[in-house]
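**Student:** Curious how this folds, go ahead:
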Amino acid sequence: MYELEKQNLRLFSKYIVQVLRPSYIKVFLSEYLDEESVERILSEEKASVTSAAQMLLDKMFQLEAEGWFQAFLDTLLASEYTGLHAAVSDWNFAELEDLQDCRTLLDRVEPSITKNMKPRELLSHLSDCLTHREREEIRAVEDQCGCVAASERLVKSLRRCDKQWFKMLKTALYNCSQKLALQLLEPDESEEMCVSEECEENMDTMSTVRFEFTEDGESNEGLLKSINEISSSDQPSEGAVITAGMGRSAEKKLREYQKELAEAAFSGQNTIICAPTGCGKTIVALAICEHHLKKFPGKAKVVFMATKVEVYAQQYKLFIDHFSKDPDVRVTGVCGDTDVGVCLRSVVDRNEVVVLTPQILVNALQNKDLPSLDVFTLLLLDECHNTTGKHPYNNIMSRYLDTKLTSSAHTLPQVVGFTASVGVGSFKNQQEAEMNICHLCANLDTRVIATVTKNIDELRSYVHIPEKEFFEVPASPISDPFIRIIRNIMCNIEQLAKKIYDIDSLSPILNRDYGSQKYEQWIVDVQKRCKLLRLTDPEQERRVCRALFNYTEHLRKYNDALIINEDARTKDALDYLQAFIEQVRKAGYDSTERTLTAFFDVQREQLLRLATEGQENPKLQELKFILEEEYRNNDQTRTVLFVRTRALADALKKWIDDTDSLKFLNPGVLIGRGRKSSQMVGSGMTLTSQKGVLDSFKTSDHIKILIATSVADEGIDIPQCNLVLMYEYVGNVVKMVQVRGRGRAAGSRCFLISNRNERIEKEKQNMEREKIVEKAIVSLQASPETLQAKVKLFQREDKASRDFESRSPEKPRTVGSYKLLCAKCNAFACVSDDLRVLKECHHIILNHTVFKRCVTNPHLNPRSFDGITKTQKMLCAECKLDWGIIASYLNIKDLPIVKIESFVVQDVATQRKHYFRKWRDVTFAMREFELTEITPETWGPRE
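**Tutor:** This is a model prediction of the structure:
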């Protein structure tokens, strides 16, 4: 039955899979395919839409049900696949074939066109080729992630469009005056369309750039080009190598103060360059790199390191652009997001300049991918004040110093570090500050601290230190009924927990107030000790552990809500709680959790009333007053608002959007990329999303205020702004200098808003400590012999300490039998003999029965890393705790890769429990993964 239709579907499958997105015809899938097949297809779609469409066709070839083909056609039409519907109905795919050339052109110009489109303006003109669902998804992406990310989503939709979209897109671009994007699609036609306006538009663009950005030198003296002056369409793909061209376009004249900063490094000395944010330290780094390459032609190998992936992408772009026209200098970059099977030694051999995140270099040295640091001739360390403790910079420099102090036969590279402040560590006076600075110099093996002294007037003419002001706001009253209700709920939960176990005996932390960081620390400590709890009855132990975990997790969320309520609106705190409660109901909803959610349900109506009728937070009133005044006095004001948490960033964005007098600010949010999630802001921003927000903030008036967490205070190049707001945001001296440095315009100001006098006093102390650091630097510069002697002493002491640690025998891992129990409910997962180690870092449960003890969900972010492809999330069947992922490796599917922090390890012989946060800390031995263990008998299809 339907053999002709199936034959034709096979014949024209290459056209169908280029267009069809299975999730858009989910009604048909659910009606004619089994549930497991639907889940697999939709899961595959997250990794590859084309592959998922082919899986769907393969399933359709097996269908025998009456009417399935007509149902397929009807669903296509209902889902707005009118082009594909017509092609399949008539078996005529000529129009779809004609679209291939358009797709090819779009593929070629995609990296550039996505940087030059404003998708929201285009959508109303593209209703005939994009479905309503696609248009809404694109709008949502722009709202959440910015213009560039939405443009990328638009291009993806057009690439899979089954209508004659190319002419519609050109018309839309023309009607919306988006001529740069139009020119990329049809250079000749677009030149005719915009020839009368081109010159004026280019002048507008240039004036905008010069008005907004000053950091990296765009004055009439012809300095090195700043990343802010470079068209974002020139962004290279990560890992790209640039070699072509003639001459170096960015080879320009340094300012005198920049020459002063680079002088010692030009002479080959190891140097710490300490200069204010906004003075162009990256320009100095490029000049030092260029000087070094000329000094050692054919021999120089330079590595530039940035501490964060976000900063890496920015600095890599600068190096690519600077050397793009020099045929003798090849530049490439490797970071944590692109390090997939990369051999760093071959990368170094093929390129003169390599931009890295430091952990990449640490891994290469540990794995012997690189034999030593001798392969480089120059190390450039951005934000070098991080060279302390266990930071990757310090790991690298410890290897450097071990080589230097133990062998005379070495050719170690020159080291140059860059920072806005060397005020590291804690100190109370100038002597202690000098000791800390000397220790940093010892770690970086430098005896020179380069600062601007001779050309200080020129520096001050370019770099403006914002005026600092403090706004102390009254605290919310303890009698606030919302606070009182939440505290009562927390008290009731604590009493429930004490009925099953004396939780006060689990942690020594006392004087823990609700809504404090100390209370959060107590919860973490209690949860850690709960995991190791031992009772005589194993079943009782499981029940107690799971119940205590639930109690403390609810206490954590209520504590978070109190913190949010203190800094934002009661509504935001309540939204946070409601999202958590809803998540609990959708997960393993046992009797304990029903009791806990009942506490919230009883008070829900009262809390909702308080959220809508309660008084406004005094801090928000102060913030509103400041913003209204600043923008009333200067409607061109550009603001960066620093906050402590992602949840607060999200809450303040919602508050501004909901406030009539402030909604015109159209706030953008810039948060980090880490995996720690919150109910309010998800799991962080992708690099693309961050870039989209920054690009929008830099290049248009669309976003007038940027709400940022700590991701923005170090290294990321934020455009010139004249107002920096620190909302309960206080750190150490280095953080203060960096945050303040975001305000770069003349007359810019920096405000700290807080209801805690101790935070204001700490910031004032930081200002005093900054002066102490400045005096300490001058003192050390005036006495180089003292600096050298202290550096030598610290290096000897640190070397002795490292030698002692290396001589201490490493405790061998035991060979025994251990159980892995769920850290939340103590459910059995596997035994240690089931574990295998793949590529020294991925830990697999090689026992198919584990699938009887876990449940799986499609992974929300399926992607490949290190040759492994994530496909699903793996959760405890009992309590739904996240155990890890299901992945495929080579042609092996359904490999459970687990994270040790989700388990308690129990010794079978002694019944003693252990908890490890990292696999490297595990005390028992595990076997290496071998392909020979995978056979159809041992690893067949999952039941």
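**Student:** Could you give the backbone dihedrals for the nearest residue in space to residue 153 that is not next to it in sequence?
**Tutor:** In space, and not counting its chain neighbours, residue 153 is closest to residue 141: 4.7 Å by C-beta to C-beta, 6 or more residues apart in numbering. To be clear about C-beta, it is placed using only N, CA and C from the backbone, and glycine gets the same treatment. Main-chain dihedrals, residue 141, degrees, to the nearest 10: phi -60, psi -40.
**Student:** before we move on, what about residue 487?
**Tutor:** phi -60, psi -40.
**Student:** For the nearest residue to residue 697 once chain neighbours are set aside, grab the count of nearby residues.
**Tutor:** Closest residue in space to residue 697, ignoring its immediate chain neighbours: residue 703 at 4.7 Å, by C-beta to C-beta, 6+ apart. When neighbours are counted by other C-beta atoms under 10 Å, residue 703 registers 23.
**Student:** and residue 703, what is it in contact with?
**Tutor:** 665, 666, 667, 668, 693, 696, 697 (C-beta atoms under 8 Å, 6 or more residues apart in numbering).
**Student:** try it again with 10 Å
**Tutor:** For residue 703, the contact set (C-beta atoms under 10 Å, 6 or more residues apart in numbering) comprises 146-147, 638-639, 665-669, 693-697.
**Student:** swap in residue 499?
**Tutor:** Neighbour list for residue 499: residue 547 [criterion: C-beta under 10 Å, 6+ apart].
**Student:** tell me the mean pLDDT over stretch 487-502?
**Tutor:** Stretch 487-502 shows a mean pLDDT of 92.
**Student:** Alpha carbons only: can I get it in CSV?
**Tutor:** This file holds the C-alpha atoms of stretch 487-502, laid out as CSV (Å, rounded to 0.1, in the frame of the first residue of the first chain):
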residue,chain,number,x,y,z
ARG,A,487,10.4,33.5,57.6
ASN,A,488,7.4,31.6,59.2
ILE,A,489,7.4,29.1,56.4
MET,A,490,11.2,28.6,56.8
CYS,A,491,10.8,28.1,60.5
ASN,A,492,8.1,25.5,59.9
ILE,A,493,10.3,23.6,57.5
GLU,A,494,13.2,23.7,60.0
GLN,A,495,10.8,22.2,62.7
LEU,A,496,9.8,19.4,60.3
ALA,A,497,13.4,18.6,59.6
LYS,A,498,14.2,18.5,63.3
LYS,A,499,11.5,15.9,63.8
ILE,A,500,13.3,13.4,61.7
TYR,A,501,16.9,14.4,62.6
ASP,A,502,18.8,16.9,64.7
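**Student:** Please compute how far it lies from its chain's middle.
**Tutor:** 37 Å (C-alpha atoms, centre = their mean, to the nearest Å).
**Student:** Could you do stretch 849-861 as well?
**Tutor:** Put simply, stretch 849-861 sits 25 Å off its chain's centre (C-alpha atoms, centre = their mean).
**Student:** mind listing the strands for the stretch 801-943 of the chain?
**Tutor:** 818-822, 828-831, 835-838, 842-845, 854-858, 864-865, 868-876, 882-889, 892-898, 903-907, 913-914, 927-928 (DSSP state E, counting those that start in this stretch).
**Student:** CSV for the ones you listed, including mean pLDDT?
**Tutor:** Putting the strands of the stretch 801-943 of the chain into CSV (pLDDT from 0 to 100) gives the following:
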stretch, mean pLDDT
strand 818-822, 93
strand 828-831, 94
strand 835-838, 92
strand 842-845, 93
strand 854-858, 91
strand 864-865, 73
strand 868-876, 90
strand 882-889, 92
strand 892-898, 92
strand 903-907, 92
strand 913-914, 88
strand 927-928, 90
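**Student:** among these, which is nearest residue 151?
**Tutor:** Residue 151 lies closest to strand 864-865 among those, at 24.4 Å (C-beta to C-beta).
**Student:** mind listing what the closest one pairs with, with the direction of each?
**Tutor:** Strand 864-865 has the following strand partners under DSSP bridges: strand 868-876 (antiparallel).
**Student:** Now do the strand it pairs with: distance to the chain's middle.
**Tutor:** With C-alpha atoms, centre = their mean, you get 20 Å for strand 868-876.
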